[in-house]
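*Asks:* the following block contains a protein sequence and its predicted model.
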Amino acid sequence: MTLSKFITKNAFRNKRRSVLTVLSIAFSLLLLTLMMTIWRAFYLDDGSAESAERLVVRHRVSLTFSLPGFYREKIRAVPGVVSVVPMSWFGGIYKDDKPENFFAQFGTDPEEFFKVYRDIQLPADQETAWKRDRQGAIVSASLAQKYGWKPGNRIVLKGNIYPVDLELYVRGIYTSNPDFKSLYFNSKYVEEAVPWFKGQAGTFTILADSPKDVSRIASAVDDTFRNSPQRTKTETEKAFGLEFVAMLGNVKAFILMICVAVVFATLLVSANTMAMSIRERTREVAVLKTLGFTRQSVLGLFVSESVALAALGGVVGISLAYGLVFAISKSPYMSFYNMKVTLGMWALALCVSGLVGLMSSLIPSYHASQINIVDGLRHIG
């Protein structure tokens, strides 16, 4: 009987209780890992190198208000601006209004689109075909695979915001990292079909000359339209994405509270399990001491059992979280965020589970190590 085998057998001597404890810790670590993944995607991930050079110009009051199309040339005149393209959300319905058929749709300018979005790859012949066709559209490879689209296929988007149905033809299938999961079409199509939207744009996306010019360009653009009826708000692509998160409230505080609650609940579950297990083995502790085990040895055995159970629960929980995050990342609603469980999250979650196991067992294990041999052998329970 090796020491590791002895610890494993004792950890699962009451299989039902041990399995339930492992599952409880696994669920807690699943939730903790999910919260860490969301935190990273929202606040820590800087995106691609190209996205760090992009800015978004929108109406200062709300995204529901559009901007005049002539703003584009004024923005282009700002020093440090390389390219500018309009980006207008269409929000059409494909097939039906079920969530699984939702995906992002933007009207833009095909002639300058790839100058701004340099992290999108599209074959040259498909790019040319898109530029030549007013009804052409390009779609991400993931959307094409999901719906079985191929170049030449017809797509009909029923207008939800704009009173027009778009009849589009797939002219290209692009790839990007991260996957944008979006459809892009020529914004002139909507402008010609909807009189009140002619000469308008939802937002403008800017490509800066370098990341260090981003803040200066943002200030310069907003200063240009400071006295205009439609004032602007210019921000980085990352900050623009976080505005949608901010609509939900104080997400940072919410995530932190959940993480604290998860760790505390896991600590209580593990502590209760170890207290019950050690209380049932009072006589066994006395026997171990009779055989020559020191107080430090007894303390180490019980702590090791607790850490082993907690670590096992952590591994199960993180594995489940990995699968859940992978499924969430495929959702079109999360297309703007790079959701993934990194090695750092694996290590941190395992450290948390191990630390919980250690802390939950210290007090009951210490008391067990102090038991007198005679009192322990007299114990009945």
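*Replies:* Everything's here; your move.
*Asks:* residue 367 in helix, strand or coil?
*Replies:* helix (DSSP: H, G, I helix; E, B strand; the rest coil).
*Asks:* what is the neighbour count of it?
*Replies:* With neighbours defined by other CB atoms under 10 Å, the count for residue 367 comes to 16. Bear in mind the C-beta positions are built from the backbone N, C-alpha and C, glycine included.
*Asks:* what sits against it?
*Replies:* Residues near residue 367 by CB atoms under 8 Å, 6 or more residues apart in numbering: residue 278.
*Asks:* and the gap between it and residue 302?
*Replies:* 10 Å (CB to CB, to the nearest Å).
*Asks:* ranges for the helices of the chain?
*Replies:* Using DSSP state H, the helices found in the chain span residues 3-11, 15-39, 71-76, 110-116, 124-132, 141-147, 188-193, 214-224, 237-246, 251-279, 282-290, 295-329, 343-369, 373-378.
*Asks:* give the contact list for residue 267.
*Replies:* Shown in contact with residue 267 (CB under 8 Å, 6+ apart): 356, 359-360.
*Asks:* which of the residues you listed lies closest to residue 239?
*Replies:* residue 356 (35.7 Å; CB to CB).
*Asks:* what's near enough to touch residue 13?
*Replies:* Counting by CB under 8 Å, 6+ apart, residue 13 touches residue 277.
*Asks:* quick check: it vs residue 50, distance?
*Replies:* 57 Å.
*Asks:* do the same with residue 242
*Replies:* Taking CB to CB, one finds residue 242 at 18 Å from residue 50.
*Asks:* can you get me a residue count around residue 76?
*Replies:* With other CB under 10 Å as criterion, residue 76 counts 14.
*Asks:* wait, doesn't it sit right on residue 84?
*Replies:* Yes - counting by CB atoms under 8 Å, residue 76 does reach residue 84; the two are 5.1 Å apart.
*Asks:* can you pull up the most central residue in this protein?
*Replies:* By CA atoms, centre = their mean, the chain has its centre lying nearest to residue 339, at 3.4 Å.
*Asks:* the nearest residue to that one once chain neighbours are set aside: how many residues sit nearby?
*Replies:* Sequence neighbours aside, residue 329 is the residue nearest to residue 339 in space, at 4.2 Å (criterion: CB to CB, 6 or more residues apart in numbering). Using other CB under 10 Å, residue 329 has 19 other residues around it.
*Asks:* ok, residue 298 - contacts?
*Replies:* Residue 298 makes contact with 285, 288-289, 365, 368-369, according to CB under 8 Å, 6+ apart.
*Asks:* before we move on, what about residue 289?
*Replies:* 295, 298, 371, 373, 376.
*Asks:* just residue 309 next, same as before
*Replies:* For residue 309, the contact set (CB under 8 Å, 6+ apart) comprises 11, 18, 21-22, 25, 270, 273, 357.
*Asks:* that older thread, for the contacts of residue 289, which single residue is the most surrounded?
*Replies:* Among these, residue 298 has the most neighbours (other CB under 10 Å), with 22 neighbours.
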